[in-house]
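J.: Sequence and predicted model, in that order:
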Amino acid sequence: MKQYPNVFLFDHPLIKHKIGILRDKRTGTKEFRELVEEIAMVMTYESMRDVELVPVQVETPLEVTTGYRIQSESVVIVPILRAGLGMVNGVHRVFPTAAVGHIGMYRDEETLEPQEYYCKLPPDIGSKTVFLVDPMLATGGSACDAIDALKKRGATKIIFMSVIGAPEGVERVAKAHPDVSVYVSTLDRCLNEHGYILPGLGDAGDRLFGTK
Ligand code: PRP
Ligand code: URA
């Protein structure tokens, strides 16, 4: 992925450790949900380097100096429903007052084409940094359409975070949206004939919400 300057892959021991447990089919819903949240928080630390800081005057016990405050209000978190919901709390741990927009997408099981069924965003999205989150980046169709939907409604600064990416999906998003920073925790081998990521972790939405 070196050919795409907007793609950032993680090589962090803590994330590797957590993804190993996430992949394990014996990991239950509660632990799965907690891990997705923790990974999202660690990813946010890494991907927030360009987020706005405001200098403030601080009085230490010894003298006055300049401190910095993150403007959580300048951030909007947008999960792609359903599975993206699992990452929201992790991002909120870093930006506690960020507003949350929602984009509903499901993949047609036959065509693998994403279908948008819901979109509700804060009105002033154009002036915010949008953290678009979805744990799985498979064909890239859902992410590309969600980014299109955000741009159509005025978003200009978009960071996309995904836990597991397939090479074809990462490439598709990186090419279609070179202005979007794409953060992926781990790059897997390929997709199977049903559009599932290999080795992957199965259906993220079902594992997060116990629906299978
Ligand atoms: C999953 C996942 C992504 C999408 C990725 O959602 O959460 O949104 O598939 O696949 P793609 O890159 O090929 O588009 P799914 O459609 O299973 O819906 P769900 O989250 O409601 O389970
Ligand atoms: N969506 C998932 O939840 N898992 C995959 O492997 C691919 C798409």
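T.: Perfect, thanks for sending it. Ligands and ions are numbered 1, 2, ... in the order given.

J.: And residue 35, its phi and psi?
T.: Note on residue 35: backbone dihedrals following degrees, to the nearest 10 are phi -70, psi -40.

J.: who's in contact with it?
T.: Contacts of residue 35 were listed using C-beta atoms under 8 Å, 6 or more residues apart in numbering, and they are 18, 21, 22, 27. Glycine gets a C-beta too; all of them are placed from N, C-alpha and C.

J.: and the gap between residue 103 and residue 83?
T.: Noted for residue 103: a distance of 12 Å to residue 83, by C-beta to C-beta, to the nearest Å.

J.: related to what we said a few turns ago, list buried residues within the contacts of residue 35.
T.: Among the contacts of residue 35, the ones that count as buried by 16 or more other C-beta atoms under 10 Å are 18, 22, 27.

J.: Could you give the bridge partners of residue 137?
T.: On the basis of DSSP bridges, residue 137 is bridged to residue 165.

J.: Contacts only, for the residue of the chain most remote from its centre.
T.: Relative to the mean C-alpha coordinate of the chain, counting by C-alpha atoms, centre = their mean, the farthest residue is residue 62 (41.2 Å). Applying C-beta under 8 Å, 6+ apart to residue 62 gives no contacts.

J.: quick one on the thing from earlier: of the buried ones among the contacts of residue 35, closest to residue 173?
T.: Closest approach to residue 173 among these (C-beta to C-beta): residue 22, at 21.2 Å.

J.: Using the three-state scheme, assign the closest one.
T.: With DSSP: H, G, I helix; E, B strand; the rest coil as the basis, residue 22 sits in helix.

J.: State the pLDDT value of the closest residue in space to residue 96 that isn't next to it in sequence.
T.: Spatial nearest neighbour of residue 96, chain neighbours left out: residue 72 (5.8 Å); criterion: C-beta to C-beta, 6 or more residues apart in numbering. pLDDT recorded at residue 72 is 86.

J.: Same question for residue 35.
T.: 98.

J.: returning to what we had before: contacting residues around the residue nearest to residue 96?
T.: 95, 96, 97, 98.

J.: any idea how far residue 94 is from it?
T.: Residue 72 is 8 Å from residue 94, by C-beta to C-beta.

J.: Centre of the chain to whichever strand or helix holds residue 159, how far?
T.: Assigned by DSSP states H and E, residue 159 belongs to strand 157-165. How far strand 157-165 lies from its chain's middle: 4 Å, per C-alpha atoms, centre = their mean, to the nearest Å.
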